[in-house]
Every structure is written in structure tokens, then in C-alpha cells.
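Undergrad: how would this look folded up:
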Amino acid sequence: MNMLLTAIIVIQVLSALVIIGLVLLQHGKGADMGAAFGSGASGSLFGATGSSNFLSKSTAVAAVIFFCATLALAYLSNQRPTAGGGVMENLPTASAPAAAPKTATPPAGQAPAGNAAVPNASTPAPAPANQIPK
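TA: The predicted structure follows:
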């Protein structure tokens, strides 16, 4: 799969470079006026009109190859399996902490043993240690 992706990327880059070269070789619209007055275009390799026709067809073929490679890259990029997003997802999961042991409920009328330090509302609170009694 990785070699196929690399081959398609190479084809796309080469077709892009061919398109750039072919577009730069073509004559613009202003060059046609010079050919009408005998600028020597008839003595070229492709003839007076053969050059523009051959270059435009070659550019169209290179563009089709470029677009097919682009579509293939888009299709292959959507078919890749998604990997985990972060480092923390690869850590082993820790087991849940053990539940605290349940204490027996005291009989009615008695305060629970864990709250022995909390004074009842009926008993007066002791005076703070930093106050002097009068």
C-alpha cells in the first residue's frame, strides 16, 4: 500500500512538471499575429499550425493524468486505518480503586463512632485555648 502511494505521488509530481513545461512552450495569442506576416513558423518541426495542436493535446493528456493521480491520492488517503490520537491512549488501563468497607450503622439514639469529635448541640463548646477566662 505504501509503495502504491509513493508511485502515485511520483506520477502526480512528474505530470505537474510536464504540464508546466508544456504550458511554457506554447505560444500565446500574440504570437499568431507574427506568424501571419511570415515570421518563419512554417519552417518549424510541426509546421505552421501543428505545434499548437500537438502541445495543446499533450497538455490535455498530462492534465488528465494529473487529475487521475489526485483522485487516487484522495481515495487512498480516506482508506487508511486511523491510529490513536495521543500517547496517553496507549497506556494500560488501571483497575478501579477498591470500595471503602461499609461500617455498621449504630443503634438508634447513639452517635456514630466516627463522629465522636463533633460536639452535640446540647453540650457547650469548650473555650478556645488562647482566651483567658474571667
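Undergrad: mean confidence for the lengthiest helix in the chain?
TA: In the chain, assigned by DSSP state H, the helix with the most residues is helix 50-78. When pLDDT is averaged over helix 50-78, the result is 89.
Undergrad: which other helices and strands contact that helix?
TA: Contacts defined by 3 or more C-beta pairs under 8 Å, 6 or more residues apart in numbering; DSSP states H and E place helix 50-78 against helix 2-25. The C-beta positions use only the backbone N, C-alpha and C, and glycine is treated the same way.
Undergrad: Quick check: buried residues in the helix it packs on?
TA: 8, 11-12, 15-16, 18-19, 22 (16 or more other C-beta atoms under 10 Å).
Undergrad: Let's have those residues in a markdown table, adding distance to residue 73 and pLDDT.
TA: Listed next are the buried residues of helix 2-25 as a markdown table, based on distance: C-beta to C-beta, whole Å; pLDDT from 0 to 100:
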| residue | distance to residue 73 | pLDDT |
| --- | --- | --- |
| 8 | 6 | 95 |
| 11 | 10 | 96 |
| 12 | 7 | 96 |
| 15 | 12 | 97 |
| 16 | 12 | 96 |
| 18 | 17 | 96 |
| 19 | 16 | 96 |
| 22 | 22 | 93 |
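Undergrad: Now render those as a markdown table, adding distance to residue 68.
TA: Formatted as a markdown table, the buried residues of helix 2-25 follow (distance: C-beta to C-beta, whole Å):
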| residue | distance to residue 68 |
| --- | --- |
| 8 | 9 |
| 11 | 9 |
| 12 | 9 |
| 15 | 9 |
| 16 | 13 |
| 18 | 14 |
| 19 | 13 |
| 22 | 17 |
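Undergrad: so which of those residues comes closest to residue 58?
TA: residue 22 (5.5 Å; C-beta to C-beta).
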